[in-house]
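1. below are the sequence and a predicted model for it; my questions follow.
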Amino acid sequence: MNRLRTFTTQIKQQRGADLAITLSIGIILTLVVIAIIYPLWFIIISSFSDPTAVASGNVRLLPKAPTLEGYRRIFDEPRIWQGYRNTILYSCLGTAVNMIVTIPAAFALSRAEFKARRIILFLFSFTMFFSGGLIPSYLLYSQLGLLNSMWVFILPGAVSVYNVIVARSFFETSIPQELFDAARIDGLSYFGFFFKIVLPLSSAILAVIGLYYFVGHWNDFMTGLIFITDDSKLPLQNILQQLLLVNQNTSTTSIGVADAQRAADQMKFGIIIVSTVPLLIAYPFLQRYFDKGVMLGAVKG
């Protein structure tokens, strides 16, 4: 009887300890989620709030004196739509080129019968740590005729070694050799095996790699700043930056420094939303592939 009571007491203590750990983990995760989500929510409500209320710290959870003045100033600029068009073109075309180069390269490097794969992978990896630098790159792009061209956004970054390594690990660990042997018995070539079997089985890693590339092209700011002087070919990020600077300088001469700063701050919040909304819309459709693709492409011990 005493043993039974002791055992019951131990079970109750264990349940209490498990409950305490569960509650602690829940509280910590809740705080982490709030810390991640609140900055984005603050930017959203600040973009709709009166700049004075934002500057005075009165905007915390809900907009104060809602106004669309910031968005009106942004979308009154016709170059915004031109920037959207350029960025969509560069991002879609650039991602397509990236995928056409990266995925076949990763598949080739994953094949054990490809004897030169270790040497080629070493040469690829070497470029991750050493590069020519900005000035040699500028001179090279100038000689190749890439300056002031949309191809400067696409060709220099046609392949990411990191993404090649991730995709290669996926092909090595997730596409069994027996599947290739069966395909060869059925008469499939390497190209047939790649297009008819490998690609249909690789939707997760394709979505992840494609998302990496698309986000990189969408957020590319330095390329337009350094290599593009024709305003008609600038991407959205550079046009938004120019718009913010021009508006702040114009406002300073007309309505005073304090009001100019408040107007510029409101536009700044609106610009962040305008530049990130397309990615926020696209991400939920790819999220179900994201975790799976990263885990499948990871190195397994």
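-> Alright, I've got the coordinates. Numbers count the residues shown, from 1 in each chain.

2. once you drop chain neighbours, what's closest to Arg168?
-> Ala106 (4.3 Å; CB to CB, 6 or more residues apart in numbering). No exception for glycine: its C-beta is placed from N, CA and C like everyone else's.

3. how many neighbouring residues does that neighbour have?
-> Ala106 has 24 neighbouring residues, counting by other CB atoms under 10 Å.

4. residues contacting it?
-> By CB atoms under 8 Å, 6 or more residues apart in numbering, the contact set of Ala106 is 163-168, 170-171.

5. quick one: which two of those residues are the most distant?
-> Farthest pair in the contacts of Ala106 (CB to CB) is Asn163 and Phe171. Separation: 12.6 Å.

6. average pLDDT for whatever helix or strand Ile119 lives in?
-> Using DSSP states H and E, Ile119 sits within helix 117-129. In this model, helix 117-129 has a mean pLDDT of 88.

7. now the element after that helix, going C-ward?
-> Assigned by DSSP H and E, the successor of helix 117-129 is helix 134-144.

8. pLDDT weak spots in the stretch 201-301 of the chain?
-> 246-263, 286-301 (pLDDT under 70).

9. how about the helices in it?
-> Using DSSP state H, counting those that start in this stretch, the helices of the stretch 201-301 of the chain run over residues 203-218, 222-227, 236-255, 257-296.

10. could you list the buried residues of the host helix or strand of Arg85?
-> In this assignment (DSSP H and E), Arg85 forms part of helix 79-110. Judged by neighbour count using 16 or more other CB atoms under 10 Å, the buried positions of helix 79-110 are 79-80, 82-84, 86-87, 89-91, 94-95, 97-99, 102-103, 105-110.

11. on the pLDDT front, check the residue nearest to Arg168 for me.
-> 93.

12. from Phe227, how far out is it?
-> 28 Å (CB to CB, to the nearest Å).

13. which residues are in contact with the residue positioned nearest the centre of the chain?
-> Among the residues of the chain, Val215 comes closest to the average C-alpha position under CA atoms, centre = their mean, at 3.5 Å. Contacts for Val215 (CB under 8 Å, 6+ apart) come out as Leu279.
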